[in-house]
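Colleague: fold the stuff below for me.
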Amino acid sequence: MSESDKVKIINLGITPYQESLDLMKDLQKKRIDNEINDTLIFLQHPEIVTVGPRARNDGIQPPTDYPTHPVDRGGGLTWHGPGQLVGYPIFKWDKEDEKSVSDIISKIENWVISSLSLCGIESNTDSRMQGVWVDGKKISSIGLSFLRWTSRHGFTINFNTPESRVESLSGCGLDADTTTSLSRLGYEVDFEILKSNLLKTMKKSLDRTS
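Modeller: Model prediction:
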């Protein structure tokens, strides 16, 4: 594996949503211009619900006690907040098995599934919505925005979100109480373990290494 396949990892901790947007846009431009290698950001956000084009077009808003932020990637309502791992891959997707957006989404889904398997958690995809599901509930969302096949935004894994906050939202065409977190399902996993497992499975799943 060449040096160009090595991914830079940025650990930000708890980061306001707008701050992460500004960073992603800057890194995306640098990646397009080959000033940096693929870069993966790990963080958590203070509670925010992003409102994508689908939600805006359908006139869907979360309840008034949720802070919101418009977002330019696809999708409807997406919850972010404490107890959720967020991964933003600023990647140039140019490998042989990355010829379409669906190929890329599938690779990320399988990456999350492989990472959860290291925790002894069986997960899968579901025809209802892209992402990763456990015991019939959605615990991981994926939403990317591309420019010249270089991505920003990314994926989430809900591991221990505040009770009822994510469950109360009807997001991306799914009914309320469809999305939940691993802790609600009886699985105790923390942020650092999830992050470590994602890095362990990156080479096999994404043909990249940190």
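Colleague: E188: neighbour count?
Modeller: E188: 10 surrounding residues under other Cβ atoms under 10 Å. No exception for glycine: its C-beta is placed from N, CA and C like everyone else's.
Colleague: what's near enough to touch the nearest residue to S181 once chain neighbours are set aside?
Modeller: In this structure, S181 finds its nearest non-sequential neighbour in N158, 3.6 Å apart by Cβ to Cβ, 6 or more residues apart in numbering. Contacts were defined as Cβ atoms under 8 Å, 6 or more residues apart in numbering; by that measure N158 touches 83-84, 139-140, 166, 179-182.
Colleague: and those, which of them are in strands?
Modeller: By the criterion of DSSP state E, membership of the contacts of N158 in strands covers 84, 139-140.
Colleague: nearest to K99, of those?
Modeller: S140 (23.2 Å; Cβ to Cβ).
Colleague: wait, the closest one touches V132, no?
Modeller: Yes. With contact defined as Cβ atoms under 8 Å, S140 counts as touching V132 (3.7 Å).
Colleague: list residues touching both of these two?
Modeller: 109, 112, 123, 157.
Colleague: and the first one, its phi and psi?
Modeller: Torsion angles at E109 (phi, psi; degrees, to the nearest 10) stand at phi -60, psi -50.
Colleague: how far away is it from L77?
Modeller: 20 Å (Cβ to Cβ, to the nearest Å).
Colleague: one more: the second one?
Modeller: As for V112, its distance to L77 is 20 Å (criterion: Cβ to Cβ).
Colleague: part of a strand, is F155?
Modeller: Yes. With DSSP: H, G, I helix; E, B strand; the rest coil as the criterion, F155 is located in a strand.
Colleague: what helix or strand does S20 sit in?
Modeller: Per DSSP states H and E, S20 falls inside helix 17-32.
Colleague: do the same with I193
Modeller: helix 191-206.
Colleague: returning to that earlier point: partner residues bridging the residue nearest to S181?
Modeller: Applying DSSP bridges to N158 gives these bridge partners: Q84.
Colleague: could you do T209 as well?
Modeller: K6.
Colleague: which residues touch the residue nearest in space to the middle of the chain?
Modeller: With distances taken as Cα atoms, centre = their mean, F155 lies nearest the centre of the chain, 0.7 Å away. Neighbour list for F155: 86-87, 89, 108, 112, 131, 140-143 [criterion: Cβ under 8 Å, 6+ apart].
Colleague: check which element follows the lowest-mean-pLDDT helix or strand in the chain along the chain.
Modeller: Between all helices and strands in the chain, the lowest mean by mean pLDDT, DSSP states H and E belongs to helix 53-58, at a mean of 60. As assigned by DSSP H and E, the chain's next helix or strand after helix 53-58 is strand 68-70.
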